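**Q** make a model of this:
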Amino acid sequence: AVISLWSVAPETRARNSFNYDAIEEVAMLFVGIFICMQAPLQILDVYGAQLGIDAPWKFYWCSGTLSSFLDNAPTYAVFFEIGKKIPLPEGALREAGVGVVELAAISLGSVFMGAMTYIGNGPNFMVKSIADKAKVHAPSILAYMLRFSIPILLPILILVGWIMVK
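**A** Numbering: from 1, shown residues only. Now for the predicted structure:
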């Protein structure tokens, strides 16, 4: 980005209507999310084990569903905290206090299912914002889900869940 700003003529950026609006929108959204996440994370630290999310497939689908409507980083943080609280069988491998299978399920669900909506993935949100500002048609969130994510992505996610998170 710095090299681009240094090497591209300001006139070229002006002709391309270059601005930071989309990244500023995403940055503000993320700051708000991370500020608001502090209380739920503290609650999960106390009550996380009581939620009944105690199997890799539950972590995959629960983290994925939340990630569809919230970015993957805060979703990951939420389910990471829950994962630290569940009991694991004797000898189960752990990484940072979470079972490695559960951690893989949290990671897969949080990252992959963010693409189900524009708001579940920062880059999707930025592309939609840029398209709207440029007056380029991009489907609404509901149209995107009905035309693309549910018929195309959801079957792939089911297959991934079946293969990776049994």
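**Q** start to end distance for stretch 66-77?
**A** Stretch 66-77 has an end-to-end distance of 12 Å (CA to CA, to the nearest Å).
**Q** how far out from the middle of the chain is it?
**A** Distance, stretch centre to chain centre, for stretch 66-77: 4 Å (CA atoms, centre = their mean, to the nearest Å).
**Q** ok, stretch 57-66 next?
**A** 11 Å.
**Q** quick one: low-confidence ranges for the protein?
**A** Along the chain, the parts satisfying pLDDT under 70 run over 166.
**Q** so which elements touch the longest helix along it?
**A** Ordering each helix of the chain by length in residues (DSSP state H) puts helix 21-36 first. Of the remaining helices and strands, those touching helix 21-36 by 3 or more CB pairs under 8 Å, 6 or more residues apart in numbering; DSSP states H and E are helix 72-85, helix 122-133. Where you see a C-beta, it was placed from the backbone N, CA and C, and this is true even at glycine.
**Q** now do the helices in this protein.
**A** Counting by DSSP H, the helices of the chain are 2-7, 10-15, 21-36, 38-47, 56-69, 72-85, 100-112, 122-133, 141-144, 154-164.
**Q** which positions within stretch 114-127 qualify as buried?
**A** Neighbour-count burial for stretch 114-127 flags 114-122, 124-126 (criterion: 16 or more other CB atoms under 10 Å).
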